[in-house]
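Asks: need a 3D model of the sequence below.
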Amino acid sequence: MISIEEMADVLKLLGDKNRLTIVALLNEKELCVCEIVELLQTSQPNISQHMRKLKDGGLVKETKRGQWVYYSLTIQDKPYIAEILNRIPSQKEKMQSTICEENECCN
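Replies: A predicted model of the protein is given here:
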């Protein structure tokens, strides 16, 4: 069972708008760094910082394919996060034209 302290730490991570958006995007599908950069209209170093925090917090995992890193959610042990994701606005509309599909930057 998760402690209040552990839950508070995870919820603090999601208190940041960018990190909450990233988690919502990853709830839709696995994404590479370049897609997240494009979707959030921010720099790669900024995204890398957010991804490191989310990874350290146990919310995302990374998979390396060639030179590209792909991120996906890993919240099976945190059902309260799934419940939060059910309540926030869907990010499907944002995801309709991810740059990797258009530019094949990650292939």
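
Asks: quick one: low-confidence residue ranges for the protein.
Replies: 97-107 (pLDDT under 70).

Asks: what ranges does it have for its helices?
Replies: With DSSP state H as the criterion, the chain has helices at 4-14, 17-28, 33-40, 44-56, 79-87, 92-95, 99-103.

Asks: let me have those in JSON lines, adding distance to residue 68 and mean neighbour count as columns.
Replies: Bear in mind the C-beta positions are built from the backbone N, C-alpha and C, glycine included. Converted to JSON lines, these look like this (distance: least, C-beta to C-beta, whole Å; neighbours: other C-beta atoms under 10 Å):
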{"stretch": "helix 4-14", "distance to residue 68": "24", "mean neighbour count": "13"}
{"stretch": "helix 17-28", "distance to residue 68": "15", "mean neighbour count": "19"}
{"stretch": "helix 33-40", "distance to residue 68": "7", "mean neighbour count": "20"}
{"stretch": "helix 44-56", "distance to residue 68": "12", "mean neighbour count": "15"}
{"stretch": "helix 79-87", "distance to residue 68": "25", "mean neighbour count": "13"}
{"stretch": "helix 92-95", "distance to residue 68": "18", "mean neighbour count": "13"}
{"stretch": "helix 99-103", "distance to residue 68": "9", "mean neighbour count": "13"}
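
Asks: format those as JSON lines; extra columns: distance to residue 66.
Replies: Output for these, formatted as JSON lines (distance: least, C-beta to C-beta, whole Å):
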{"stretch": "helix 4-14", "distance to residue 66": "28"}
{"stretch": "helix 17-28", "distance to residue 66": "20"}
{"stretch": "helix 33-40", "distance to residue 66": "13"}
{"stretch": "helix 44-56", "distance to residue 66": "17"}
{"stretch": "helix 79-87", "distance to residue 66": "29"}
{"stretch": "helix 92-95", "distance to residue 66": "22"}
{"stretch": "helix 99-103", "distance to residue 66": "13"}
